[in-house]
Each structure stands twice: as structure tokens, then as C-alpha cells.
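> compute the structure for the input listed below.
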Amino acid sequence: MRGWILRWFGVAAGLLLLNVSVWGQGEIGRTPPQTGKKPAHLGYPQDWSSRHLLMPGPRAENSLKAGAPEPRHIYNLVMRRVAVENARKRRKRHHRRHVKIDWAVSLENGYVPPNQFPAKYRFDFSTEDCNSDYVLFGLTVTSGTQANLVGINNLYTEASPQCNGGSPWVAFAYNTVTQPGGQIRTSPTLSADGTKVAFVESTSTGSYFHVLVLPNPIPAPPSQAGTVLSPQTPTACAAPTTAGCMTTVLIENSATNSNSSPWVDYVSDTAYVGADNGLLYKIAPVFGGGAPVLVSNSDWPVAVSNQPNSVLTDPVVDTTSGRIFLGDGQGFLYAVNLASPGGVAAARQTIGWAGNGPGTGIVDPPIVVNDSASPSVNQVFTVTGCSQVGGVGGAVNQSAANFTSSDGYTAVDLGSGHGNGDCTTGNVHAPIFDNAFWVNGSATGHLLACGFVSGTGGAPLIPSNPKMYFFPFDSNHLITSSGSSTFVINNTLGDECSPLTEFFDGTTDRMFFGVGGGTDGFLESSTITSSLSTPSCGVGPSSSCVTAPSALGGTSGIVVDNQLSNGGTNIYFSTLAPGSVNGQQCSAVGGAATPYCAVKLTQAGLQ
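Predicted coordinates:
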């Protein structure tokens, strides 16, 4: 694994020094000419973890140096550099592309939960590949009669030439359930070369860590390794070395895992994952080929939370500070020492108004940022629906990565029920940063978060309706509400936003998010400049709003792949209720008439 990452480091460094201009356009699905030497495989995954460890800034070599111990920095850097390069090529060719829903594929009775994510793998950063590029959906179904892990390729149906004649392809589909009532409730994590996936199977009382070896190569039409309605069952194996085999490690037989996805440290080949009992576990090796083992000694597992609501978020590993960060459902942020934790958390901060009802918890993982404008100490950002800080309701919070249990932090308001800092009962999900932040950090950048409209003493809003906030940073590089801007998303009380997703295509910076509740559901986009454009959501679809089934509840988390020669700016998610998307049915022959859908949208316009 280390050799692969160092090769990535060397190649990426050379390309970036050449200002990316040496990258060819590449043709979709084509094999490079044979030269007697095997072409370099320089792909990368985009999954839930890609958005929670960030290194923005104008000096690319900082990211490249950091990429030796943490390749996620390089992945994020390459995504943005490729987008800029392809924007330049598009301007030269004056090329226009259509905007539409690209496809919707049936997931039958399964979906990706609202604050969890599918995962995308790109086989090569300089060319699109119809068969090797895929998106992976882990589904909540418990039945063995359909797949709960679905991989779709031939994604670029709007490209020229089209993949598979314009139709996406379910390349592989597995029933990975090994326990009664088992399901995938959290996000999967891909290996660096895209050949394996790690995920957690949860039951009502237990949790199990799996590593599945995916088909290699990924099947091309008409070949398939299972379908959604007729999945393959992986063979059991002690070590993940053979395609179609799956390892199983019992994490905990007395606690489920409802909210903690595995974080994989690619260099040490180690996974960290929490459970609802408040414990953080360590498993190694993961993808390297050996048999995964749960580490059990005086250091591991770590007793993180002993609160009444001890449901842990995904852990985020920051090797720069030497800490693992995660939150719990009670509203506390924790730091665990990466080396020799001694079985306990090193520090704790009270973020949510703990014990004061729904909305106070930290339900999405922290975001750790190495800010180029203030690089001395990494910063940790968390969100809660109801803050511990007086006068602040929902909140974005900024803590120093080296915080102690007695240290303070900065909180900015995201709306409250009476306007005085009380709870709306709604949850707040992961924020994002704009492209200006990626370029210059807190010197010119902003943070975007979806909170709530504040009520008043005479007209409380409990629950409230959603509102978008756009925050700058002050001269001390701390988030501030001074100079912020907002827009109200809709007037439906109780609606919440999905985690936010940002993408800069080399020309325009955009935000994507799902929003919904029990009676409505939309996928919306907003253009980011020095403020935010307000999406237009009406009866039908618009260029900034996709209509989805009634009672959608929003969408799953949204993943983006980088914009290449002609495949477009692509986003992927699942619906949270069965039905059509913009009137486009995704039902499959022999399946449900109105299934849940895996959806891909192409370009900025969403109609």
C-alpha cells in the first residue's frame, strides 16, 4: 500500500509542477496503446471520508507532502486541478453540453440512509472508463432476496461516445447479510485501488466488520456479477485476496452500529469504527491481504462516550495532530490519541445542549482542516441542532485540534425555536467550504451550513423550516456571523437538509443538497459567489431543483466525480422514498413498480 501511495505522490507532483497541461483528454472506455509496459493505474476513491479531512491553500506542494501519510489530500487536490484544466479546454472548444437527469436505476426496497453516502471509484484521473469506473451503494435492506451492496458502471451515458449505448449497468450486486436482521446502515469505504470495500453489517444487538473483494476486472456488459433482484452471495474467506470473497470480524455482539462508518488509514492499513455503546474499535489489517483482526489490548477499544445517548459518529483520523475526532448523540465532541490512547478519550467538549431533547446531538462526523491561512494548529468543525452556548440554537462550532476538556470554542447560530437559543428539535448535517476557502483558506473563504429559521417568543418554530447560512472568517481565522448571508429554503416545518456537497468545475462554484421531510423532497443546487443564489423549487423541475417522490425526506449524501473531457459534472445519490424522479421511473423488469432509485445527475442544471 505504501508503494502505491508514494507512486501517486511522485506522479501527482510532476503533473502539478507542469500545471496539469501534460494530461491528455483521454477517450472514454478506450485502452491506451500497447507499448510493452503496463499503463500506470492512478485511480482514486471518493467516499464519505473524502470530505472530512481537508488541506486547502494556494501551495499545492503542501498537499503533496501531506499526501505521503494521507492520500485523501491528493485526491481532493487532483479533483480540483482536473476541473480547472478541463474548463480551460472547454473554453477553447466553446463546447456546450445538455443538462438533464442522466439516469435512475432501481435499488428495489433499499436505499442509502439520509446522512450516509455512496462511494465512487475512478480508475484513472486523466481518462474516464466506462467499465472500470463505478459507483457503489450500500443499502439498508435486511432481506436476502435482493442485493444490499450494488455497484453500477457505464456511468457516463451523456458522454460522447456514450457508455453502453446510453444505459448504466449494474456490474455487480451482492447479498452480504450474514446475521439475522443484518443490514448496511452506514457508508462503505473503498480501498485506494478500488478493488475492495470495507463496511459494517449491523443487527439490532451486534455489529460486524466486512472486507469484500470486488470483481476484477469490473464486469462489462453483458457480463454481471449478480443483479439487484438476483444477487451473488460472497464466499467466506479469512483474508481478502480472492474476487467475490468476504472476511467477517465481530466488532461487538451486544451493540449495534447505527451511525459510524469505518475510517481506513491507508498507510497503516488500519480501520477505526465506533458502535452505539460508545466504544471506538481498531481493526488491522484491512485491504493489504492479511486476515483482519480486532485489536484488543490496554489501548483498544477506547471507551469514548458513557452518555445516555452514546451513538458515535464516524471517526476522523488526523495524523498531523495525532488524534481521532468523533461526536456522540448526546452532543459531545471527543478527541482520542492515535497512539497509545490507554482505552479512554484524551479530551471532551460539550457542543450540544446535552440532555435537552432531540436535535442536541452531533450526528455527522467532524471536519478537520489544516488551514493554510492559519497553519499552526488544525481546526475541527462540528454541527449540532441545539448548542450548549447561550443564545445560540443550531450551531457550527470551531475548535482547535489540540483542545483540552477545559478549552472553549467558537459557535455561530443556525436558528432556534424561539429565537433565544433553544432547540427546534431538528438535526444539522455536515457543512461545506466554498472554492475560495480551498484556494486561500480562511483568508478569503466561507463555510456553508443548513440550519433553521428562527421563531419568536410569540410564534415559536418547533420544529422549524430549513434555512441556508453562508459564514466568513474574521481576522483571527475564526468563523463569524458578521457579514454572513442566508436564504430560506422552503416553508415546510420539520424539513432537514442532507449533508452539503460543493463542487468547483473550473468556472463556477456550486453547492448541492437534498431537503425534505414527511410530505416533500427535492435535490437543490445553488451558485456560490460572494453570496448564494436561491434555488427555485416549484411544482415541476427547474435548473436548480429536482423534484422527487412525496415523503422523500431529502436524499442520501451526495458524491461528486471530477469533471473530465466530456463526462460532465456528475453527482450521485439515492432517494429516500420509492417513486419516480422528475417523472423518470427506475423500475426494473420483475421488480417493484415503485422502487427506491440510485440517481445520477449531469451538469449544473438539474432538470
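> around Asn164, count how many other residues there are.
One way to gauge burial is a neighbour count; for Asn164, by other C-beta atoms under 10 Å, it gives 18. The way it works is simple: take the backbone N, C-alpha and C, and place the C-beta from them, glycine included.
> ok, Val428 next?
Each residue near Val428 was counted by other C-beta under 10 Å, and the total is 32.
> is it true that it touches Cys450?
Yes - counting by C-beta atoms under 8 Å, Val428 sits close enough to Cys450 to count as a contact (7.0 Å).
> what touches both of these two?
Overlap between the contact sets of Val428 and Cys450, as judged by C-beta atoms under 8 Å, 6 or more residues apart in numbering, is given by Leu414, Glu496.
> which regions of the stretch 301-450 of the chain sit below the pLDDT cut-off?
Flagging of the stretch 301-450 of the chain using pLDDT under 70 yields an empty set of residue ranges.
> how about the nearest residue to Arg323 once chain neighbours are set aside, phi and psi?
If the residues on either side of it in the chain are set aside, Arg323 comes closest to Ala335, at 4.7 Å by C-beta to C-beta, 6 or more residues apart in numbering. The phi/psi pair for Ala335 (degrees, to the nearest 10) reads phi -120, psi 130.
> what about Ala335, distance to Ala198?
In this structure, Ala335 and Ala198 are separated by 24 Å, where distance is defined by C-beta to C-beta, to the nearest Å.
> and the end-to-end length of stretch 423-435?
The distance separating the two terminal residues of stretch 423-435, taken as C-alpha to C-alpha, to the nearest Å, comes to 31 Å.
> got it, and stretch 560-576?
Across stretch 560-576, the straight-line distance between its terminal residues is 19 Å, by C-alpha to C-alpha.
> what residues are up against Tyr281?
When the contact criterion is C-beta under 8 Å, 6+ apart, the partners of Tyr281 are Phe209, Ile251, Glu252, Tyr272, Val273, Gly274, Ala275, Leu294, Val295, Trp300, Pro301.
> show the buried residues in these.
Applying a neighbour-count criterion of 16 or more other C-beta atoms under 10 Å, the buried members of the contacts of Tyr281 are Phe209, Ile251, Glu252, Tyr272, Val273, Gly274, Ala275, Leu294, Trp300, Pro301.
> phi, psi for the last one please.
According to degrees, to the nearest 10, the main-chain angles of Pro301 amount to phi -70, psi 170.
> repeat that for the second one.
Comment: the main-chain dihedrals of Ile251 come out as phi -80, psi -50, following degrees, to the nearest 10.
> so it sits against Ala275, correct?
Yes - counting by C-beta under 8 Å, Ile251 does reach Ala275; the two are 6.2 Å apart.
> so what sits against both of those two?
Any residue near both Ile251 and Ala275 by C-beta under 8 Å, 6+ apart counts here, and that gives Ser207, Asn257, Tyr281.
> what's the neighbour count on the spatially closest residue to the second one that is not a sequence neighbour?
Right, Asn257. The spatial neighbour of Asn257 that comes closest, neighbours along the chain excluded (C-beta to C-beta, 6+ apart), is Ser207 at 3.9 Å. A count of neighbours around Ser207, defined by other C-beta under 10 Å, yields 29.
> what's the answer for the one 10 residues further on, then?
For Pro217, the number of neighbouring residues by other C-beta under 10 Å comes to 14.
> that one in helix, strand or coil?
In three-state terms, and counting by DSSP: H, G, I helix; E, B strand; the rest coil, Pro217 is coil.
> so who does the closest residue to Leu250 other than its chain neighbours touch?
In space, Leu250 comes closest to Tyr208 once its chain neighbours are excluded; the distance is 5.8 Å by C-beta to C-beta, 6+ apart. Shown here is Tyr208, whose contacts under the criterion C-beta under 8 Å, 6+ apart are Thr178, Gln179, Gly182, Val200, Glu201, Ser202, Thr248, Val249, Leu250, Ile251.
> quick check: the fifth one is in a strand.
Meaning Glu201. Yes - the assignment for Glu201 by three-state DSSP puts it in a strand.
> pretty sure it is touching Gly181, no?
No - contact criterion C-beta under 8 Å: Glu201 and Gly181 do not qualify, at 9.8 Å.
> quick one, which of the two is more surrounded?
Glu201 (26 against 13).
> what's across from the more buried one in the sheet?
Beta bridges link Glu201 to Tyr208 when assigned by DSSP bridges.
> quick one: contacts for it?
For Glu201, the contacting residues are Thr176, Val177, Thr178, Gln179, Gly182, Gln183, Ile184, Ser207, Tyr208, His210, taking C-beta under 8 Å, 6+ apart as the criterion.
> buried ones among the contacts of Tyr208?
Neighbour-count burial (16+ other C-beta under 10 Å) applied to those gives Thr178, Gln179, Gly182, Val200, Glu201, Ser202, Thr248, Val249, Ile251.
> how close does the residue nearest to the third one when sequence neighbours are not counted get to Leu212?
Leaving aside its chain neighbours, Gly182 sits nearest to Glu201 (4.4 Å; criterion: C-beta to C-beta, 6+ apart). Relative to Leu212, Glu201 is positioned 11 Å away (criterion: C-beta to C-beta).
> any regions of the stretch 51-200 of the chain where pLDDT drops low?
Scanning the stretch 51-200 of the chain for pLDDT under 70 picks out 59-68, 86-101.
> try it again with 80
In the prediction, the stretch 51-200 of the chain carries residues with pLDDT under 80 at positions 58-69, 78-101, 125-127, 143-144, 158-160.
> hey, where'd the helices end up in it?
Assigned helices in the stretch 51-200 of the chain, in chain order: 60-67, 72-93 (criterion: DSSP state H, counting those that start in this stretch).
> can you check the stretch 351-500 of the chain too?
Listed in chain order, the helices of the stretch 351-500 of the chain (DSSP H, counting those that start in this stretch) span 435-440.
> strands along that one, start to end?
Remark: strands assigned in the stretch 351-500 of the chain by DSSP state E, counting those that start in this stretch are 367-369, 379-384, 395-400, 410-413, 432-433, 447-452, 466-471, 485-488, 496-497.
> which helices and strands sit right next to the first one?
If contacts are counted by 3 or more C-beta pairs under 8 Å, 6 or more residues apart in numbering; DSSP states H and E, strand 367-369 sits against strand 53-54, strand 316-318, strand 379-384.
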